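Novice: how would this look folded up:
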Amino acid sequence: MRARWRVTDEALAVAVLVVVAVGSMRSLIGAREEPWAQTAAGWVLIYIACGVLFARRARLAAAIVSTVATGVYYVVSTYDGPLMIAPVLALYLLASRGRLQAASGIAALIVIGTALGTLSGNGDVNGVALFMLAGWVVAMVALGWVRHSRRVFLAEAERRAAGDERLRIARELHDVTGHHISLINVQAGTALHRFHRDPAQAEAALAAIKETSREALRELRATLGVLRQADEDAPTAPLPGLDRIGELVEPARAAGLDVRTRVDGADRPVPTEVGLAAYRIVQESLTNVVRHAGAAHVTVRVERGAREVLVEVADDGRGAAPADADAAVPGSGILGMRERARALGGDLTAGPGPDGGHLVRARLPYRNGDER
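Specialist: Modelled structure (predicted):
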């Protein structure tokens with residue numbers, strides 16, 4: 001972005017230099033109206049007024065020098081030329097750097113100086129020309145400020161986009177790893193507890209750890225693959241959706257939970273981003289049940305509607321721990337689930353259920369209310 005602005009500034013400076021040089025050639029050809037020394041001094045002033053336009057890091061000094069050189073040129077030179085566009089461009093570049101007050105002050109001095117020259121008897125500038133000059137200077141300063149405002153807006157948009165992308169990546173990695181690691185932790189505790197008293201159950205727990213860790217690696221690789229393909233039009237790594245809810249239920253059952261699922265409207269198509277959000281919400285909800293709720297029974301209900309997906313995860317435990325209910329780190333816990341729902345224009349609530357236990361309910365609308 002900055003490189004593009006810089007190239008544009010330099011292109012404008014080159015264009016002004018060429019126009020002024022061509023427009024001032026009359027002093028070098030044709031009948032002489034002034035001594036050569038005076039002409040040489042005029043050309044030195046021309047290149048000073050135009051040359052400082054290339055000073056990117058000192059726009060204020062460039063505007064002052066260009067304005068002074070231009071004023072001196074019109075005093076010492078017999079020939080009129082288009083040199084006035086050099087300080088006007090300098091004011092535009094100064095305003096585009098956010099120096100509105102300085103650019104306005106110099107513009108006012110240009111207009112006042114030209115007016116004083118007119119009052120002193122300079123017949124080259126009349127009232128109409130002075131009015132046009134004032135309008136031209138004001139317009140260029142305003143355009144420079146507009147450019148500065150647009151640059152600030154674009155920079156802020158890029159900063160926000162980068163922040164949103166970091167939150168999205170953090171949320172995705174948390175959801176991918178947190179669920180599986182929680183299950184591995186539960187199964188490892190079971191294996192350690194049953195190792196001597198019930199070797200068969202310990203062996204089953206270790207087998208579950210192996211399968212869960214393999215699934216965690218597979219999902220992590222898929223997620224990283226999607227992140228690498230973020231600039232491609234068609235990522236090849238498939239994203240999980242509602243058709244893979246069963247993959248979340250089986251590990252939870254292996255951890256000792258009685259999980260029941262109900263999916264209504266299974267034949268309705270669901271947008272990819274909605275299916276992914278629903279999958280992650282169910283995943284995080286089951287993770288919280290395993291880690292915090294102390295529940296025995298969990299019911300997962302997914303309803304695919306014509307305009308939205310409804311997700312409910314209810315258990316008979318005590319609910320998520322207070323520290324996790326509103327995690328301080330974005331992308332984790334219930335806060336991360338709420339962010340997913342809000343990103344789609346939906347909402348998510350989590351709290352005590354009507355019959356006790358804990359209930360997570362999410363509403364995930366399709367974009368523009370249309371199916372895909």
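Novice: and Val186, helix, strand or coil?
Specialist: helix (DSSP: H, G, I helix; E, B strand; the rest coil).
Novice: all helices for this protein, in order.
Specialist: Here the chain has its helices, by DSSP state H, at 2-23, 36-51, 59-76, 85-96, 100-119, 127-194, 199-228, 245-254, 272-288, 322-325, 333-343.
Novice: how about the ones you listed, which one is nearest Asp355?
Specialist: helix 272-288 (17.0 Å; CB to CB). Where you see a C-beta, it was placed from the backbone N, CA and C, and this is true even at glycine.
Novice: Can you tell me the number of residues neighbouring the closest residue to Val152 other than its chain neighbours?
Specialist: Spatial nearest neighbour of Val152, chain neighbours left out: Gly98 (7.7 Å); criterion: CB to CB, 6 or more residues apart in numbering. When neighbours are defined as other CB atoms under 10 Å, Gly98 has 17 of them.
Novice: With the one 10 residues further on instead?
Specialist: Applying other CB under 10 Å, we find 14 residues neighbouring Ala108.
Novice: re earlier: deepest-packed of the helices of the chain, please.
Specialist: Mean neighbour count (mean count of other CB atoms under 10 Å) peaks for helix 85-96 among the helices of the chain, with a mean of 26.
Novice: any idea of the mean pLDDT for it?
Specialist: Computed over helix 85-96, the mean pLDDT rounds to 92.
Novice: Against which helices or strands is that helix packed?
Specialist: For helix 85-96, the packing partners by 3 or more CB pairs under 8 Å, 6 or more residues apart in numbering; DSSP states H and E come out as helix 2-23, helix 36-51, helix 59-76, helix 100-119, helix 127-194.
Novice: Next, the angle from the third one to helix 100-119.
Specialist: What that stands for is helix 59-76. Interaxial angle of helix 59-76 relative to helix 100-119 (axes from the mean of the first three to the mean of the last three CA atoms, to 10 degrees): 10 degrees.
Novice: got it, and the last one?
Specialist: Relative orientation of helix 127-194 versus helix 100-119 (the same axes, to 10 degrees): 170 degrees.
Novice: Tell me the predicted confidence for Arg301.
Specialist: 91.
Novice: And for it, the neighbour number?
Specialist: 16.
Novice: Please apply the same query to the one 3 residues further on.
Specialist: Arg304 sits with 20 neighbouring residues when counted by other CB under 10 Å.
Novice: That one and Ser285, how far apart?
Specialist: Look at Arg304 and Ser285: by CB to CB, to the nearest Å, they are 18 Å apart.
Novice: ditto for Arg363
Specialist: 14 Å.
Novice: and what of Ile209?
Specialist: From Ile209 to Ser285 the distance is 22 Å (CB to CB).
Novice: same deal with Ala107?
Specialist: Taking CB to CB, one finds Ala107 at 62 Å from Ser285.
Novice: Kindly report the same for Ala188.
Specialist: 22 Å.
Novice: How many residues are close by the closest residue to Gly23 other than its chain neighbours?
Specialist: Distances taken as CB to CB, 6+ apart place Pro82 nearest to Gly23, at 4.1 Å, with adjacent residues excluded. Counted with other CB under 10 Å, residues neighbouring Pro82 total 13.
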